[in-house]
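Trainee: Give the three-dimensional model of this entry:
(2 chains)
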Number of protein chains: 2
Amino acid sequence: MQMTEKRDVLIKEWLKEAATEIKEALQHDLEVEVKSRANDLVTQMDRKIEKELVQKINQHFPNDLIISEEGFGDHVSREDFEQQTVWFLDPIDGTLNFVLQNENYAVMLAVYEKGIGKQAYIYDITHNKLYWGIKDNGVYCNDQPLPKMKDLPLDKGLFASNSMFLSDQQVSFNAEITKRAMGVRTIGSAGLESVELTKGSTVAYVSYGLKPWDIAPGLFLVEENGGVVTQFDGSRVDLLNTNPTIMATPTAQKEITKLLS
Amino acid sequence: MQMTEKRDVLIKEWLKEAATEIKEALQHDLEVEVKSRANDLVTQMDRKIEKELVQKINQHFPNDLIISEEGFGDHVSREDFEQQTVWFLDPIDGTLNFVLQNENYAVMLAVYEKGIGKQAYIYDITHNKLYWGIKDNGVYCNDQPLPKMKDLPLDKGLFASNSMFLSDQQVSFNAEITKRAMGVRTIGSAGLESVELTKGSTVAYVSYGLKPWDIAPGLFLVEENGGVVTQFDGSRVDLLNTNPTIMATPTAQKEITKLLS
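Mentor: Coordinates of the predicted model:
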């Protein structure tokens, strides 16, 4: 069995276990703590799920490294990233939704070998939809292959963004982009926004300050399905840093980069 | 049987029939036409569902009047509205989502007697969730009663709005509201936004230019579950006109009215 397939079987098993735990936890009150600011939250479940997944990865793949949100992963240098197998892990992407809505969040994993994306998983637990893909094998929702993205321009589709971007009045491009698109949509989870784009439900997603674990799974699925992921200036996203990020169809990415420059 | 209960049984039956037709239609290409502008769309299904529901209402309740989106309803005067039973009907709320995403839309109905809301229905067909309520009987999702809304302020919850409002740079209150709230969310369906508020997933929804059929069902459910619906200046919504609309918890409504004045 190829390494990607071996990982695929295990990851899908682990994600099902995580989903069961998360659904069970939602039957009771969550323990919520504030991190950097009032709307940056963490719950006991973010920590528990991350810790468990890190243990499972370490057990089965002791040589691999992990970049994760809640601090149970490794410090990964640029040299490591370019020479080793690195897992990106976001135990609960959209924690604010998880706490306030009990839905619209995702568990996310991606594996990169020597800096190249090999496979990614974004699990919308509420709707029991696992979006996943393995390199050169297309993107799936559960067992159904997703059709390739159409290369639509901004004015033929919906534009997704996040709160900070939409409420920033300093940036005139915000209004320009939102007016050019057919409408604006905001879910509040970078992972689920990547999925919407990958599915063709939107033509672009733009956000400030996405962290490596916010971007890596979506980047893989979007690119695998015909989309483009860059920083605002059109340069390649750096998966070891925070990035102002555009995920879009090739045409919408060009339009947005131009509006942002 | 009381009149509300008689209607309730019929409406639920009709909505199931509508859902079956809509799901079937989504297996094929939709016929899409542009109405007032590029992102104001109508499909053959908006027209078909409205026509069928209007016929059913007329057949069972020949004295009642209908205010509906696609033109198959009646002209209802203020005197009619205050003295008769009036149905509000939106065959597909969120038509842009219906066309571009094939999800995140709703079929909506509400019944007002002599200007007073008696019952309302917002059916999220994709997720098979019917949100409904009868006056003084609470709000339900399918068979499950929804807990009453908590009276949370803006800074304890999520703020929902629409594209036009969020991209309007003339209005400084936009940034002020979005910064005060924990985050911004945008679905693109006034009906589903009303449901999010009614469920407690958001604390406010603000939109320009909502039409009577966009507002009437959500207004009923939000108020029945402890929320408030007003125009931007705090005055009562006029269900015979287009309204700039705030739907919110009582506290968030006060905050937003103040910011908008």
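Trainee: Can you check what pLDDT the model gives A:Phe165?
Mentor: pLDDT recorded at A:Phe165 is 68.
Trainee: Domain boundaries for chain A, per the record?
Mentor: A:3-145, A:154-260 (automatic domain parsing).
Trainee: I'd like these written out as CSV, with mean neighbour count and distance to B:Met108 added.
Mentor: For the C-beta atoms, the positions are set from N, CA and C on the backbone; glycine is no exception. Shown next, in CSV, are the domains of chain A (neighbours: other C-beta atoms under 10 Å in any protein chain shown; distance: least, C-beta to C-beta, whole Å):
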stretch, mean neighbour count, distance to B:Met108
domain A:3-145, 18, 21
domain A:154-260, 22, 19
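Trainee: hey, least reliable of those by pLDDT?
Mentor: domain A:154-260 (a mean of 91).
Trainee: what sits against A:Met108?
Mentor: A:Phe88, A:Leu89, A:Asp90, A:Asp93, A:Ala120, A:Tyr121, A:Ile122, A:Tyr123, A:Gly191, A:Trp213, A:Pro217, A:Gly218 (C-beta atoms under 8 Å, 6 or more residues apart in numbering or on different chains).
Trainee: What about the most centrally placed residue in chain A? Give its phi and psi, please.
Mentor: Centroid-nearest residue in chain A: A:Gly191, 3.2 Å away (criterion: C-alpha atoms, centre = their mean). When quoted as degrees, to the nearest 10, the phi and psi of A:Gly191 stand at phi -60, psi -50.
Trainee: Could you list the residues of the stretch 1-150 of chain A in contact with chain B?
Mentor: A:Ala38, A:Asn39, A:Leu96, A:Leu100, A:Gln101, A:Glu103, A:His127 (C-beta under 8 Å from any C-beta of the partner chain).
Trainee: So which of the residues you listed belong to helices?
Mentor: Here DSSP state H is the test, and the residues of the stretch 1-150 of chain A next to chain B give A:Leu96, A:Leu100 as lying in helices.
Trainee: And the residues of the stretch 1-150 of chain A next to chain B, which two are furthest apart?
Mentor: Pairwise distances among the residues of the stretch 1-150 of chain A next to chain B were taken by C-beta to C-beta; the largest, 28.2 Å, belongs to A:Ala38 and A:His127.
Trainee: looking at the domains of chain A, which is closest to B:Ser207?
Mentor: That would be domain A:154-260 among the domains of chain A, by C-beta to C-beta, at 12.2 Å.
Trainee: start to end distance for the closest one?
Mentor: This stretch, domain A:154-260, spans 14 Å end to end (C-alpha to C-alpha, to the nearest Å).
Trainee: all helices of chain A, in order?
Mentor: According to DSSP H, the helices that chain A contains are A:3-25, A:44-60, A:78-83, A:95-100, A:163-166, A:172-180, A:190-199, A:212-224, A:250-260.
Trainee: Dump those to a markdown table, plus distance to A:Asp155.
Mentor: Converted to a markdown table, the helices of chain A look like this (distance: least, C-beta to C-beta, whole Å):
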| stretch | distance to A:Asp155 |
| --- | --- |
| helix A:3-25 | 37 |
| helix A:44-60 | 38 |
| helix A:78-83 | 38 |
| helix A:95-100 | 29 |
| helix A:163-166 | 19 |
| helix A:172-180 | 6 |
| helix A:190-199 | 16 |
| helix A:212-224 | 20 |
| helix A:250-260 | 9 |
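Trainee: list the contacts for A:His202?
Mentor: Just to correct that, residue A:202 is Thr rather than His. So A:Thr202 contacts A:Gly157, A:Leu158, A:Phe159, A:Ala160, A:Arg185, A:Glu193, A:Glu196 (C-beta under 8 Å, 6+ apart).
Trainee: Reformat those residues as a markdown table; add distance to chain B.
Mentor: Converted to a markdown table, the contacts of A:Thr202 look like this (distance: C-beta to the nearest C-beta, whole Å):
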| residue | distance to chain B |
| --- | --- |
| A:Gly157 | 6 |
| A:Leu158 | 6 |
| A:Phe159 | 8 |
| A:Ala160 | 9 |
| A:Arg185 | 5 |
| A:Glu193 | 12 |
| A:Glu196 | 8 |
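Trainee: Out of the residues you listed, name the ones that lie in strands.
Mentor: A:Leu158, A:Phe159, A:Ala160, A:Arg185 (DSSP state E).
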